[in-house]
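> Show me the folded form of this:
(one chain, ligands or ions: 1)
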Amino acid sequence: MALLEVRGVGKTFGGLKALEGVDVDVQSNTFHGLIGPNGSGKSTLLKAIAGAHFASTGTITFDGGDITRATPYERARAGLSLKFQITAVLPSLSVYDNVLIVLQTRETVWSLVRSRTRGALHDQVMEALERFRLADHADTLAGELSHGQQQWLEIAMALAPRPKLLLLDEPTGGMSPEERRVTGELLEPIRQWCALVIVEHDLDFIKDICDHLTVLQQGQVLQSGTVEEIERSDKVQEVYTTRV
Ligand SMILES: Nc1ncnc2c1ncn2[C@@H]1O[C@H](COP(=O)(O)OP(=O)(O)OP(=O)(O)O)[C@@H](O)[C@H]1O
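Numbering: from 1, shown residues only. Got it, this is the predicted structure:
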């Protein structure tokens, strides 16, 4: 059984069918890219998986449980984590405190008052920061980080609770080519314990880091397969011109 199973998912906005009959399987420890032309439904699908809105039809199963109508909080507790396009760091707090808050919201009040938990949280915060080369900036105000570092902080925050699946919507938006390359490098090791579903316009970036791609076109799955299979596909070539 796949870690994430999307079955027959549809989403309508008024009279518009943004998604129709979408099936996607994401296996544990794999990086899965959602690609397709503008308006093909990538973000709509990611939001249905994240719980930012509900699918109009179909089911979404995560780690064996039906999450189709689960709240974002219930999904997070089940092991789903996400970072969306809009930056959500708290600029007037330190880098350290931004991660700490994410972890504290997962704890019960009782466990927080025990110093043992506080010590454990410190280790988790530092581990999350080290993963994205931010440990030396722990005391810096998040608002003083570069744009790329803020994006990394957000990914570090999403990964701090050690989810089973991370959802990323255009994580490299606004980054320099070098920052993009490093982002790929920093994401790679998490594959050992976390799967990834990523929407990203930079095709080279997505081909470099993903094992599997699903191509959407007009709200439907055009093709799903390994990066090599998708690259060889004539029908995908047809849809793609210069930009996805
Ligand atoms: N909240 C909404 N209300 C109405 N229509 C919406 C809404 N969200 C998305 N849509 C429409 O659904 C379709 C799919 O949009 P979506 O943003 O999922 O595409 P996308 O593949 O992520 O596009 P892009 O690559 O441009 O980000 C589009 O026609 C879009 O206008």
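> Return the residues in contact with Pro161.
Residues near Pro161 by Cβ atoms under 8 Å, 6 or more residues apart in numbering: 76, 81, 102-103, 106. Placement of C-beta: from N, CA and C, glycine included.
> my bad, should have said Asn29
Under the criterion of Cβ under 8 Å, 6+ apart, the contact list for Asn29 reads 191-195.
> Now with 10 Å, please.
Residues near Asn29 by Cβ atoms under 10 Å, 6 or more residues apart in numbering: 3, 164, 190-196, 211.
> longest single helix anywhere in the chain?
Using DSSP state H to define each element, the chain has its longest helix at helix 115-131.
> Quick check: buried residues in that helix?
If you call a residue buried by 16 or more other Cβ atoms under 10 Å, then helix 115-131 has these buried ones: 117, 121, 124-125, 128-129, 131.
> surely Thr61 meets Ala2?
Yes. Counting by Cβ atoms under 10 Å, Thr61 touches Ala2, with 8.3 Å between them.
> Can you tell me the SS state at Ile101?
Following DSSP: H, G, I helix; E, B strand; the rest coil, the label given to Ile101 is helix.
> lowest-pLDDT helix or strand in the protein?
Lowest by mean pLDDT, DSSP states H and E among the helices and strands of the chain is helix 109-113, with a mean of 56.
> Which ChimeraX command selects the buried ones in the contacts of Pro161?
Of these, the buried ones can be selected in ChimeraX as follows, counting by 16+ other Cβ under 10 Å:
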select :76,81,102,103
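> give me the low-pLDDT residue ranges for this protein?
Residue ranges of the chain with pLDDT under 70: 84-87, 106-118, 241-244.
> roughly how far apart are Arg69 and Gln27?
With the distance defined as Cβ to Cβ, to the nearest Å, Arg69 ends up 24 Å from Gln27.
> before we move on, the earlier item: let me have the contacts of Asn29 in TSV, adding neighbour count and secondary structure as columns.
Converted to TSV, the contacts of Asn29 look like this (neighbours: other Cβ atoms under 10 Å; DSSP: H, G, I helix; E, B strand; the rest coil):
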residue	neighbour count	secondary structure
Leu3	22	coil
Lys164	17	coil
Ile190	18	helix
Arg191	15	helix
Gln192	7	helix
Trp193	12	coil
Cys194	21	coil
Ala195	23	strand
Leu196	21	strand
Asp211	15	coil
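> Filter those to keep only those in contact with the ligand.
Residues of the contacts of Asn29 in contact with the ligand (Cβ under 6 Å from any ligand atom): none.
> list residues touching both of Thr61 and Ala2?
Among the neighbours of Thr61, those also in contact with Ala2 (Cβ under 10 Å, 6+ apart) are Asp25.
> Enumerate the strands of this protein by residue range, in sequence order.
Along the chain, the segments classed as strands by DSSP state E run 4-13, 16-26, 31-35, 57-62, 65-66, 80-83, 165-169, 195-199, 212-217, 220-226.
> now the ones you listed as a markdown table including distance to Asp97?
Formatted as a markdown table, those follow (distance: least, Cβ to Cβ, whole Å):
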| stretch | distance to Asp97 |
| --- | --- |
| strand 4-13 | 31 |
| strand 16-26 | 32 |
| strand 31-35 | 30 |
| strand 57-62 | 30 |
| strand 65-66 | 32 |
| strand 80-83 | 18 |
| strand 165-169 | 22 |
| strand 195-199 | 26 |
| strand 212-217 | 36 |
| strand 220-226 | 40 |
